[in-house]
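1. Below is the sequence, then the predicted model.
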Amino acid sequence: MLVINNLTMVILVAVFVEAIVEWVKDIARSEFMWTKILGYVVGLIILYLLDLDIFIILGLEPAVPFLGTVILAFIVGRGANYAHDILERINLWRKTVSST
């Protein structure tokens, strides 16, 4: 069973915030980055249709339904390499949490 304490939740939120801030920072650097926005929108639609929510995947009960899907769309919208790196961090985090 995955046990989550406040410290591990803070680390998880920090990973999500980093993903969102980097995404927004990339958008702000350019006049209009339609490919990034399109990637986010397409990712959000697919994630919604597949009913994928990062919090549910991690075994958490989200207070706001759909929030995990929106956050996951930021990660997926950045591309496969970025999503892979973030998911590796989450898997490492899960292993650390489950071993304590």
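-> Noted; the coordinates are in hand. None of these values were measured; they are calculated from a predicted model.
2. how close does the residue most central in space within the chain sit to S99?
-> Residue closest to the average C-alpha location in the chain (C-alpha atoms, centre = their mean): L72, at 3.6 Å. Applying C-beta to C-beta, to the nearest Å, the value for L72 to S99 is 25 Å. Bear in mind the C-beta positions are built from the backbone N, C-alpha and C, glycine included.
3. likewise G59?
-> Counting by C-beta to C-beta, the gap from G59 to S99 is 15 Å.
4. Compare those two (neighbour count), which wins?
-> Taking neighbours as other C-beta atoms under 10 Å, G59 and S99 compare with G59 leading, 11 against 6.
5. So what's the gap between the lowest-mean-pLDDT helix or strand in the chain and the chain middle?
-> In the chain, the helix or strand scored least confidently by mean pLDDT, DSSP states H and E is helix 80-99, which has a mean of 75. The chain centroid and the centroid of helix 80-99 are separated by 11 Å, computed with C-alpha atoms, centre = their mean, to the nearest Å.
6. what does stretch 15-27 give?
-> Centroid separation for stretch 15-27 versus its chain: 10 Å, with C-alpha atoms, centre = their mean.
7. if we can go back for a sec, give me the nearest residue to the residue nearest to the centre of the chain, chain neighbours excluded.
-> I54 (4.4 Å; C-beta to C-beta, 6 or more residues apart in numbering).
8. what's the burial count for the one you found?
-> Look at I54: counted by other C-beta under 10 Å, it has 24 neighbours.
9. How about the contacts made by G79?
-> By C-beta atoms under 8 Å, 6 or more residues apart in numbering, G79 lies in contact with G39.
10. Provide the backbone phi and psi angles at it.
-> phi 120, psi 170 (degrees, to the nearest 10).
11. Look up how far L58 lies from it.
-> The value you get for G79 to L58, if C-beta to C-beta is used, is 21 Å.
12. swap in F66?
-> For F66, the distance to L58 - C-beta to C-beta - is 15 Å.
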